[in-house]
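Colleague: structure for the following, please:
(2 chains)
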Protein chains: 2
Amino acid sequence: MDAEIIAVGSELLTPFHQDTNSLYLTDKLNELGIEVRFKTIVGDDSVRLASVLRQALDRSQLVILTGGLGPTEDDVTRAAVAEALDLPLVEVPEIRQRIQARFASLGRPMSENNARQAFVPQGAEWLENRNGTAPGIWLEHDQTLLILLPGPPRELMPMFESQCLPRLEQRSSGERIRTRVLKVAGLPESEVDRRLAPIYTKYQNPTTTILATPGGIEVHFRARAKTAEEAKALADMLADQAETELGERVFSTHGETLEEVVGMYLVMKQKTLATAESCTGGLLSERLTRVPGSSNFYLGGVVCYTNELKTRLVGVPTAMLEAHGAVSRPVAQALAEGIRRRVGASLGVGITGIAGPSGGSEKKPVGLVFIALADERGTEIREFHFPGDRQRIRWLASQSALEMLRRRARGGPRR
Amino acid sequence: MDAEIIAVGSELLTPFHQDTNSLYLTDKLNELGIEVRFKTIVGDDSVRLASVLRQALDRSQLVILTGGLGPTEDDVTRAAVAEALDLPLVEVPEIRQRIQARFASLGRPMSENNARQAFVPQGAEWLENRNGTAPGIWLEHDQTLLILLPGPPRELMPMFESQCLPRLEQRSSGERIRTRVLKVAGLPESEVDRRLAPIYTKYQNPTTTILATPGGIEVHFRARAKTAEEAKALADMLADQAETELGERVFSTHGETLEEVVGMYLVMKQKTLATAESCTGGLLSERLTRVPGSSNFYLGGVVCYTNELKTRLVGVPTAMLEAHGAVSRPVAQALAEGIRRRVGASLGVGITGIAGPSGGSEKKPVGLVFIALADERGTEIREFHFPGDRQRIRWLASQSALEMLRRRARGGPRR
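Modeller: Numbering: from 1, shown residues only, chains lettered A, B, ... in the order given. As a prediction, the model looks like this:
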């Protein structure tokens, strides 16, 4: 079964917005052996959308439309689908009641605009939206299955997962695809490829892709087989070989994030953690506390943006700040050791650096970051020179701190 | 002139890659008053690409294709364009010489594959690529202008900027487009639409788009006119009317983020800020410090994930924690007032809540968050019940704290 995805929304034709839903949908469809052959982005214009839709009906067995199901005048997807298929729009009283009930539970009357959302093309089924007012639509037309989904990801994803995937699974007769992802820290993309190529080039299936992402180098092994189980076994076979080759550089074998892996090790070893951040401004603690259950290992920390607070909240000596400057090796160490002691944690992290765009100098340029990690055995301090803009420098600093934490928490030989 | 963009590449139909060139191209085209009406993504398949191209020729005066100009078998754009236009491919000796010279300068012989890159559809002009081997192609066909650009952004951007933009500028009718964006806090999308529809439906130009984003409801006003100045005036005229209607709900009139607006007000009023976060885990401080120059208003703060740290770092009384629990109105107040005092800031924010997925109870369910804002006049404490998962609850809590800060920092009547 070949699929295509049509994303509807004039904002997606501006320089400011990307269609990201199609990445999620492609991932889910691929698992069922369904390939996405086209993606089209069209504005909130019912004539253009109807014309795109007619082309899609000619060439694809599955057409997924995202967006344009809201209550406003701009939302034209329902009407355009009805027009392209020459079907009348009919009201579904149950949808109207549900939208009214949703508004009532929020203590507000239903806006008359929302009543539009109760209309669907004749013969269509509707899909419940547990996270918004816009219902989805499931419509079989000649040889084509059309699925209309709301644009907001938090509405689209659960709707697709619970109400579309099971039905698509039943009707897709083809092969199943399973992908394993390894994530690697501390090696450049080209080195990962050099070490893995002798292994993965032996196989046509799985196919192997190496990608550089903000969360680390990812290696994707994509296997196809008659059943999901066989595909999974194939992907696992190759991933296991790659993991053996890369060893401790592999931090994630089943898609976990670096912060999740750090949390897992800390909980396992019954260690606790505190942080003192300057240039990252709380990004490290924010990433650590994204992990559900992070209160089991993360106690807390401080963001000390001024010199005074480095002294007052973490006890960095004023003389040290004056002698070395806030962005320095001794201050990173004092932050890590100070926060560890004040909070009473097993591990303390200190980060100080220059994220830019201003504040850099010849001796201390933008991108210079010191990260220290203290525990009962001592303190490791590392100096980094990160490329990129403010957000990227902050991200790379948090990523490096997490990688230092992973190696320390995992145990084994010190570097 | 209406344009469309076709991105060619099978990797763009996987879950792992996005077409980003079109954002750059859209931005540049819009400046010339050229609207992008469609974006299509198609794999490295000459039959499918030729069919997409035929549709594009029917409906657009300008068609830009990106990618698929490389030397490999997968690179089908040249051949597909020639086929769709029924033109032979002819070799351009000068391109061949240049590619050979490029390889020679790298000390390598030209691969025979690269020879394909010297072929262009008959009648086409070629565009020099200073950063790679693939030349671009400029082709006028009937009423349509086709531009073929290489996929890598560092090859595409300079080629488009130097060799395409000046020529497009000459032939574009002279109309220019300008966009104004208002961002709104504290109103649902449908309510914004209900209040603005009577205003914006009076105009065909500017066009108005309302969208819900994580950073608030956005209203885009996009105006076209003979000159950039007139377009700007038109967009401003409608944006001003909308701003008057929505009043203080509008937090951003020129695209600023909520944290930027907060920072701007705080700097303007010479106020400083400190934060004490529990459930948001540093997200509020991280957002505040995304703003370049945030050290001018943000002093720092603490993330106190445990009760003990709420007492030790911010001075929340143990008895209060025992009597009311950590997630309570008095603790939010004590956090805001405590961090303000300890840091010596004009304003203190305290956040305590239950982000989930666990930790909720019947009395204190997941999503319950108390936010307090203290200044010299007193402390405002608000109770929220946020929907969604852990990340969304944390985001909404940070967003609400920023909105409370905005209103306080802006001044005017207290709520």
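Colleague: can you give me the neighbour number for the residue nearest to A:Pro387 when sequence neighbours are not counted?
Modeller: Leaving aside its chain neighbours, A:Pro387 sits nearest to A:Gly367 (6.3 Å; criterion: Cβ to Cβ, 6 or more residues apart in numbering or on different chains). For every residue, glycine as well, the C-beta is placed using N, CA and C. Around A:Gly367 sit 21 other residues, with neighbours defined as other Cβ atoms under 10 Å in any protein chain shown.
Colleague: quick check, A:Gly367 in contact with A:His385.
Modeller: Yes. A:Gly367 is within contact range of A:His385, at 5.3 Å (criterion: Cβ atoms under 8 Å).
Colleague: which helix or strand in chain A has the lowest average pLDDT?
Modeller: None of the helices or strands of chain A scores lower by mean pLDDT, DSSP states H and E than strand A:207-213, at a mean of 84.
Colleague: so is that strand next to chain B?
Modeller: Yes. Strand A:207-213 comes into contact with chain B (Cβ under 8 Å from any Cβ of the partner chain), by way of A:209, A:211.
Colleague: ok, and what's touching that strand?
Modeller: The set of residues external to strand A:207-213 that reach it, using Cβ atoms under 8 Å, 6 or more residues apart in numbering or on different chains, is A:189, A:192-193, A:196, A:200, A:217-222, A:238, B:14, B:16.
Colleague: now the helices: where do they sit in chain A?
Modeller: A:21-31, A:46-59, A:77-84, A:93-105, A:153-159, A:165-171, A:189-200, A:228-246, A:258-268, A:283-288, A:307-314, A:318-324, A:329-343, A:390-410 (DSSP state H).
Colleague: and of these, who's closest to A:Gly9?
Modeller: Comparison of the helices of chain A against A:Gly9 by Cβ to Cβ identifies helix A:77-84 as nearest, at 9.3 Å.
Colleague: compute the inter-axis angle for that closest one and helix A:46-59.
Modeller: Counting by axes from the mean of the first three to the mean of the last three Cα atoms, to 10 degrees, helix A:77-84 points 60 degrees away from the direction of helix A:46-59.
Colleague: could you name the helices and strands sitting against helix A:77-84?
Modeller: If you count contacts as 3 or more Cβ pairs under 8 Å, 6 or more residues apart in numbering or on different chains; DSSP states H and E, helix A:77-84 packs onto helix A:46-59, strand A:89-91, strand A:119-121, strand A:136-141, strand A:144-149.
Colleague: got a markdown table for the ones you listed, with distance to A:Gly174 and mean neighbour count too?
Modeller: Putting these into a markdown table (distance: least, Cβ to Cβ, whole Å; neighbours: other Cβ atoms under 10 Å in any protein chain shown) gives the following:
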| stretch | distance to A:Gly174 | mean neighbour count |
| --- | --- | --- |
| helix A:46-59 | 18 | 18 |
| strand A:89-91 | 34 | 14 |
| strand A:119-121 | 28 | 22 |
| strand A:136-141 | 19 | 18 |
| strand A:144-149 | 15 | 23 |
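Colleague: what's the closest of the ones you listed to chain B?
Modeller: Among the helices and strands packed on helix A:77-84, the nearest to chain B by Cβ to the nearest Cβ is helix A:46-59 (6.2 Å).
Colleague: could you give the angle of the closest one to strand A:144-149?
Modeller: 140 degrees.
Colleague: what's in contact with helix A:46-59?
Modeller: Contacts of helix A:46-59 (Cβ under 8 Å, 6+ apart): A:2, A:4, A:6, A:8, A:37-38, A:40, A:42-43, A:63, A:65, A:68, A:76-77, A:79-81, A:83-85, A:141-142, A:144, B:37-38, B:51, B:55, B:59.
Colleague: tell me the domain boundaries of chain A?
Modeller: A:2-171, A:176-252, A:258-410 (automatic domain parsing).
Colleague: among these, which is the most enclosed?
Modeller: Per residue and on average, the most neighbours among the domains of chain A fall to domain A:258-410, with a mean of 21 (mean count of other Cβ atoms under 10 Å in any protein chain shown).
Colleague: where does the stretch 51-200 of chain A dip in pLDDT?
Modeller: The stretch 51-200 of chain A contains no residues with pLDDT under 70.
Colleague: you'd agree A:Leu309 is up against A:Val302?
Modeller: Yes. Counting by Cβ under 8 Å, A:Val302 is a contact partner of A:Leu309 at 7.3 Å.
Colleague: any figure for the gap between A:Arg340 and chain B?
Modeller: 13 Å (Cβ to the nearest Cβ, to the nearest Å).
Colleague: again but with A:Ile41, I slipped
Modeller: Counting by Cβ to the nearest Cβ - A:Ile41 and chain B are separated by 4 Å.
Colleague: who does that residue bridge with?
Modeller: Using DSSP bridges, the bridge partners assigned to A:Ile41 are A:Ala7, B:Lys39.
Colleague: list the contacts of it.
Modeller: A:6-7, A:9, A:12-13, A:19, B:38-40 are the contacts of A:Ile41 under Cβ under 8 Å, 6+ apart.
Colleague: columns distance to B:Arg180 and pLDDT on top of those residues, output as JSON lines?
Modeller: Below are those laid out as JSON lines (distance: Cβ to Cβ, whole Å; pLDDT from 0 to 100):
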{"residue": "A:Ile6", "distance to B:Arg180": "28", "pLDDT": "98"}
{"residue": "A:Ala7", "distance to B:Arg180": "24", "pLDDT": "98"}
{"residue": "A:Gly9", "distance to B:Arg180": "18", "pLDDT": "94"}
{"residue": "A:Leu12", "distance to B:Arg180": "19", "pLDDT": "93"}
{"residue": "A:Leu13", "distance to B:Arg180": "17", "pLDDT": "93"}
{"residue": "A:Asp19", "distance to B:Arg180": "23", "pLDDT": "94"}
{"residue": "B:Phe38", "distance to B:Arg180": "24", "pLDDT": "97"}
{"residue": "B:Lys39", "distance to B:Arg180": "23", "pLDDT": "97"}
{"residue": "B:Thr40", "distance to B:Arg180": "29", "pLDDT": "97"}
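Colleague: and the two most separated of those residues?
Modeller: Counting by Cβ to Cβ, the most remote pair of the contacts of A:Ile41 is A:Gly9 and B:Thr40, 15.2 Å apart.
Colleague: re earlier: and for A:Leu309 and A:Val302, which residues touch both?
Modeller: Joint contacts of A:Leu309 and A:Val302 (Cβ under 8 Å, 6+ apart) are B:Gly300.
Colleague: flag every residue of the stretch 251-400 of chain A that's near chain B.
Modeller: So far as Cβ under 8 Å from any Cβ goes, the stretch 251-400 of chain A lies against chain B at A:275, A:277, A:280-286, A:288-290, A:292-295, A:298-306, A:308-309, A:312-313, A:342-344, A:356-358, A:390-391, A:394.
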